[in-house]
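J.: Below are the sequence and a predicted model for it; my questions follow.
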Amino acid sequence: MSDSILVPLSRATGISVDNLAALIPLFGCYPFAYFSSYFVRPLARPWAQHVFSVAVSSILCLSVFRISTLVQIFGISVTSWILLIPAGLKSSAGGVWTHFAIVMCWLVSNHFYYQVITTEKSRFDDTIPMMIVCIKLTSFAWSLHDGTKASEDLIEELRDCAVRVNPDLLEYLGYVYFFSSFMVGPAFNFQDYYKFVRAQPPFTDIPSRTRSVMRVTGIGLICMISYVLLAPMVSYDAYLRHGMKNLPFILRNVMVVVACFTARLKYYLSWKLSEASCIMTGIAYNGKRKQDPNEKVDTRPAFVQYLSDKADEHDWNRVRGCDIRGIEYAQNIKVLLDNWNMGTQRWLRSSVYLRLVDKDGKSNAAKTTLTFILSALWHGIRPGYYIFFGSLSLLVMVGRLTRRGVRPLFAAPPTEKSGTVPPLASYKFLYDAVGWMVTQLCVAHFGGAFETQNIYEFVEIELATGGWLIYVALLGTYAFLQSKFWLKARDRILRK
């Protein structure tokens, strides 16, 4: 859309031009999702849904991006299908890794153009849909490869995604171009799309989704309003513009944590609106919700109960961008990452991490770090991404050692059935509270690198808030938890 429209609208609403441009295709999906659900899907013609998705995604893409972007996406999509199926790269892991490298090189070359060569500073550039397409193409390749193996040779989470029958080009493009998740995700596997367009279980009889659409859209709008109100006052940019060196040390760190929360709101907004569109089409349907017999009676007002996810008899979480509650209350970095950008996390796990771990399922620090580096490369080539994901890699490894070496003092492992009470079980609440605070503080400081994408600005924030001490503490903890001194001390405590 022309800047002559977006710029005045940005000044009137206080929303940046980038964010306004992102809202156009997100809200634009809604009428198409409604039309698809009630007019295209009832035709019971899979080809009609494929064509509809390709057409709608093309329209939405052209509403904010260049036609060259659409041409590139079509070109890499068709090339991938030819390489994987007619050319046979799907037959071997080496062939799939070759395809993976080709798609990543295409994406990185575009990152280089938009982040280095051009003078534009837009965060919502033409690489956004390319990133989602990259996930779909590479995960589809591994699913095809897994389809060449016997079911018993695959772990359960890969077995369900394996593609046993080669799709034709139109069906494949319908999956790649599925309009509700084409722009910002969330990405999903090909088998979900295959079952959806053929009305196979659990998509045989999709119930009304009005309540879920209203709830998720409402959450997205609340995030949008909150972001518009908070961003001018409390954000990393506001921190750099106004400076907070005159504030007390603790308050500076509190402001950084709030700035990180403000930054998360814009991602919540995008994912929730896209998720609502996926619910409206029906592809997010995940069957009837299992009732918890121990669940307490809901005494909240009727309208609150109506919009509650627990009040719905059905689950709509097959395609999700994030779990806000899981992120905000995460007591360790693993839980936070599992609930953040969930489509991308699944891709990193199924298409990268699980392909690197040993056959016995074990991993190591190098493979964990490589997965995070690839995640940074997927986001772009600005240094802030590599600082952010490198820091997260360190935090994940420290968290893994903490769970193995410290948590048993406070809580028995899930597999433990001996009934033995851990020596520090009465302090479990303190362990959880400290875990939450450490996770929030670390992510807030690391997030400065992701948001500013500038080494000097990141260093300025870290020096002003003492954030560099976090890195010293994490490295020290990583070394200490592997030391013989700690291992012996822990064993003595557990034996008491």
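T.: Structure received.

J.: mind checking how far Leu229 is from Tyr456?
T.: According to CB to CB, to the nearest Å, Leu229 stands 29 Å off from Tyr456. No exception for glycine: its C-beta is placed from N, CA and C like everyone else's.

J.: whoops, Ala48 was the one
T.: The spacing between Ala48 and Tyr456, counted by CB to CB, is 53 Å.

J.: Who's the closest spatial neighbour of Phe27, skipping the chain neighbours?
T.: Leu273 (6.8 Å; CB to CB, 6 or more residues apart in numbering).

J.: For the helix or strand hosting that neighbour, the averaged confidence score.
T.: Using DSSP states H and E, the element containing Leu273 is helix 249-281. If you average the pLDDT over helix 249-281, you get 93.

J.: which parts of it are buried?
T.: Buried residues in helix 249-281, counted by 16 or more other CB atoms under 10 Å: 252-281.

J.: What of stretch 126-146?
T.: In stretch 126-146, counting by 16+ other CB under 10 Å, buried: 126-146.

J.: What mean pLDDT does that stretch get?
T.: 96.

J.: On the three-state scheme, Pro232 is what?
T.: State at Pro232, reduced to three classes by DSSP: H, G, I helix; E, B strand; the rest coil: coil.

J.: and it, how many neighbours does it have?
T.: A count of neighbours around Pro232, defined by other CB atoms under 10 Å, yields 12.

J.: and if you look at Ile102?
T.: Neighbours of Ile102 (other CB under 10 Å): 18.

J.: what do you get for the one 3 residues further on?
T.: The number of residues packed near Cys105 is 10, by other CB under 10 Å.

J.: so where's the stretch 301-450 of the chain uncertain?
T.: Across the stretch 301-450 of the chain, the ranges flagged by pLDDT under 70 are 301-312, 358-363, 413-419.

J.: Ok, the stretch 151-300 of the chain next?
T.: Low-confidence regions of the stretch 151-300 of the chain, defined by pLDDT under 70, span residues 291-300.

J.: quick one, helices of it?
T.: 156-159, 169-176, 190-197, 210-230, 236-242, 249-281 (DSSP state H, counting those that start in this stretch).

J.: which parts of the first one are buried?
T.: By neighbour count with 16+ other CB under 10 Å, helix 156-159 contains the buried residues Leu158.

J.: now it, how far from the chain's geometric center?
T.: Between the centre of helix 156-159 and the centre of its host chain there is 20 Å, according to CA atoms, centre = their mean, to the nearest Å.

J.: Which strands and helices lie in contact with that helix?
T.: Contacts defined by 3 or more CB pairs under 8 Å, 6 or more residues apart in numbering; DSSP states H and E place helix 156-159 against helix 127-146.

J.: what is the orientation angle of the helix it packs on with helix 249-281?
T.: Put simply, helix 127-146 runs at 60 degrees to helix 249-281, going by axes from the mean of the first three to the mean of the last three CA atoms, to 10 degrees.

J.: Helix 127-146 relative to helix 169-176, how many degrees between them?
T.: Compare the direction of helix 127-146 with that of helix 169-176 by the same axes, to 10 degrees and you get 120 degrees.

J.: Use 666 as the first number from now on
T.: All right, first residue 666 from here; so that's helix 792-811.

J.: helices and strands around helix 792-811, which ones?
T.: Applying 3+ CB pairs under 8 Å, 6+ apart, we find helix 792-811 packed against helix 732-749, helix 758-777, helix 821-824, helix 834-841, helix 855-862, helix 1007-1013, helix 1030-1044.

J.: If I take it and helix 855-862, what angle do their directions form?
T.: Using the same axes, to 10 degrees: helix 792-811 against helix 855-862 is 100 degrees.

J.: contacts for the one helix or strand Ile724 maps to?
T.: Using DSSP H and E, Ile724 sits within helix 711-729. Residues outside helix 711-729 that contact it (CB atoms under 8 Å, 6 or more residues apart in numbering): 666, 686-687, 689-690, 693-694, 697, 701, 705-706, 734-735, 738, 789, 794, 835-836, 838-839, 842-844, 847-848, 862-863.

J.: buried ones in it?
T.: Across helix 711-729, burial judged by 16+ other CB under 10 Å covers 711, 713-719, 721-723, 725-726, 729.

J.: Off-centre distance for that helix?
T.: Using CA atoms, centre = their mean, the offset of helix 711-729 from its chain centre is 23 Å.

J.: Give the buried residues for the helix or strand hosting Tyr1143.
T.: Following DSSP H and E, one finds Tyr1143 within helix 1133-1145. The neighbour-count criterion (16+ other CB under 10 Å) identifies Ile1135, Tyr1136, Leu1139, Thr1142, Tyr1143 as the buried residues of helix 1133-1145.

J.: For the first one, report the pLDDT, please.
T.: Translated: Ile1135. At Ile1135, pLDDT is 94.

J.: Ala1109 is in contact with that one, correct?
T.: No. Look at Ile1135 against Ala1109 with CB atoms under 8 Å: they stay out of range, at 9.7 Å.

J.: Tell me where the stretch 1016-1161 of the chain has helices.
T.: Assigned by DSSP H, counting those that start in this stretch, the stretch 1016-1161 of the chain shows helices spanning 1019-1021, 1030-1044, 1048-1070, 1093-1117, 1120-1130, 1133-1145, 1149-1160.

J.: Give me the contacts around the shortest one.
T.: So the one you mean is helix 1019-1021. Contacts to helix 1019-1021, defined as CB under 8 Å, 6+ apart, come from residues Ala758, Trp807, Ile820, Leu823, Ser1028, Lys1032, Leu1035, Thr1036.

J.: same check, this time on the longest one
T.: Surrounding helix 1093-1117, the residues in contact under the criterion CB under 8 Å, 6+ apart are 900-902, 905, 918, 921-922, 924-926, 928, 994-998, 1001, 1048-1050, 1052-1053, 1056-1057, 1060, 1071-1072, 1075-1076, 1087, 1089, 1120, 1122-1123, 1126-1127, 1130, 1132, 1135, 1139.

J.: So how do I select the buried members of those residues in ChimeraX?
T.: Listed next is the ChimeraX selection for buried residues among the contacts of helix 1093-1117, using 16+ other CB under 10 Å:
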select :900,901,905,918,921,922,924,925,926,928,995,996,997,998,1001,1049,1050,1052,1053,1056,1057,1060,1071,1072,1075,1076,1087,1089,1122,1123,1126,1127,1130,1132,1135,1139
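
J.: picking up where we left off before, would you put the C-alpha positions of the helix holding Ile724 in CSV?
T.: C-alpha atoms of helix 711-729 as CSV (Å, rounded to 0.1, in the frame of the first residue of the first chain):
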residue,chain,number,x,y,z
PRO,A,711,-9.6,-30.0,-2.9
TRP,A,712,-8.4,-28.3,-6.1
ALA,A,713,-10.7,-25.4,-5.5
GLN,A,714,-9.2,-24.8,-2.1
HIS,A,715,-5.7,-25.0,-3.6
VAL,A,716,-6.5,-22.4,-6.3
PHE,A,717,-8.3,-20.2,-3.8
SER,A,718,-5.3,-20.2,-1.4
VAL,A,719,-2.8,-19.4,-4.2
ALA,A,720,-5.0,-16.5,-5.5
VAL,A,721,-5.8,-15.0,-2.1
SER,A,722,-2.2,-15.1,-0.9
SER,A,723,-1.0,-13.5,-4.1
ILE,A,724,-3.5,-10.7,-3.6
LEU,A,725,-2.5,-10.1,0.0
CYS,A,726,1.2,-10.3,-0.8
LEU,A,727,0.8,-7.7,-3.6
SER,A,728,-1.1,-5.4,-1.2
VAL,A,729,2.1,-4.7,0.7
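
J.: I am finished for the moment; much appreciated.
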